[in-house]
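In: Give me coordinates for this.
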Amino acid sequence: MIVWYFSVRQFLGDNWDCNNASVAVASVAGSSAWEFHLNPHISWSSGSFFQMFAVVHCEGCPLAGDGYLYILGTPCGREGNAYLARVSTSHVLNQHYWQYYRGGNGVEPMTSQVWSSDSTSATVVLQGGVGELSVRQFREQYHVVLYATSTCCRHV
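Out: Numbering: from 1, shown residues only. Modelled structure (predicted):
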């Protein structure tokens, strides 16, 4: 099992002070215990756009079969923008393979030209006041559920 986590240094209302975010692997250790193994190959620093995650394995949607997990990410807290990343399902635990959506004209397909290996080049996909994202599938659609502050949410 893969566990997505972030480390909060201090809660400051809707603006949190965070250490980092990463991905760990959990395995069963005995009849009722879990062991968590931190992954040294993946980490986002405290100022990153990707501190909190909503992960989508897109089965049955138009992107199905492309071999990627799609990740909506926000900075730590509840006042940031949301950004989009993707990673091949076979390389989730190696940050070198992660790609960050850097935008397009809204019409072009999600080809390699709209993705970058640099997380700081990610383009805002939901603007302002976004926190604690989740994505759920309902019938043929995907819905983003989030904690929104008064400044949220303008789709970009």
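
In: Surely Thr120 touches Phe49?
Out: Yes - assessed by CB atoms under 8 Å, Thr120 is found in contact with Phe49 at 7.4 Å. Any C-beta I mention is one placed from the backbone N, CA and C, and that applies to glycine too.

In: Between these two, point out the one with more neighbours.
Out: Taking neighbours as other CB atoms under 10 Å, Thr120 and Phe49 compare with Phe49 leading, 21 against 10.

In: Pairing partners for the closest residue to the more buried one other than its chain neighbours in the sheet, please.
Out: In space, and not counting its chain neighbours, Phe49 is closest to Tyr83: 4.5 Å by CB to CB, 6 or more residues apart in numbering. Under DSSP bridges, the beta-bridge partners of Tyr83 are Gly73, Val124.

In: What is the neighbour count of Tyr83?
Out: 24.

In: residues touching it, list them.
Out: Phe49, Phe50, Leu72, Gly73, Thr74, Tyr100, Tyr101, Ala122, Thr123, Val124, Val125 (CB atoms under 8 Å, 6 or more residues apart in numbering).

In: and which of the residues you listed is nearest to Val56?
Out: Set against Val56, the nearest of these by CB to CB is Leu72 (7.5 Å).

In: Mind telling me what element the closest residue in space to the closest one that isn't next to it in sequence is part of?
Out: In space, and not counting its chain neighbours, Leu72 is closest to Ala54: 4.4 Å by CB to CB, 6+ apart. In the assignment (DSSP states H and E), Ala54 maps to strand 52-57.

In: counting contacts, what elements does that strand pack onto?
Out: For strand 52-57, the packing partners by 3 or more CB pairs under 8 Å, 6 or more residues apart in numbering; DSSP states H and E come out as strand 2-12, strand 68-74, strand 124-138.

In: mind running it again at 10 Å?
Out: strand 2-12, strand 15-28, strand 68-74, strand 80-88, strand 124-138, strand 141-148 (3 or more CB pairs under 10 Å, 6 or more residues apart in numbering; DSSP states H and E).

In: Let me have those strands in JSON lines, extended by distance to Asn94 and mean pLDDT.
Out: Listed next are the helices and strands packed on strand 52-57 as JSON lines, based on distance: least, CB to CB, whole Å; pLDDT from 0 to 100:
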{"stretch": "strand 2-12", "distance to Asn94": "12", "mean pLDDT": "81"}
{"stretch": "strand 15-28", "distance to Asn94": "10", "mean pLDDT": "80"}
{"stretch": "strand 68-74", "distance to Asn94": "13", "mean pLDDT": "86"}
{"stretch": "strand 80-88", "distance to Asn94": "8", "mean pLDDT": "88"}
{"stretch": "strand 124-138", "distance to Asn94": "23", "mean pLDDT": "76"}
{"stretch": "strand 141-148", "distance to Asn94": "26", "mean pLDDT": "66"}
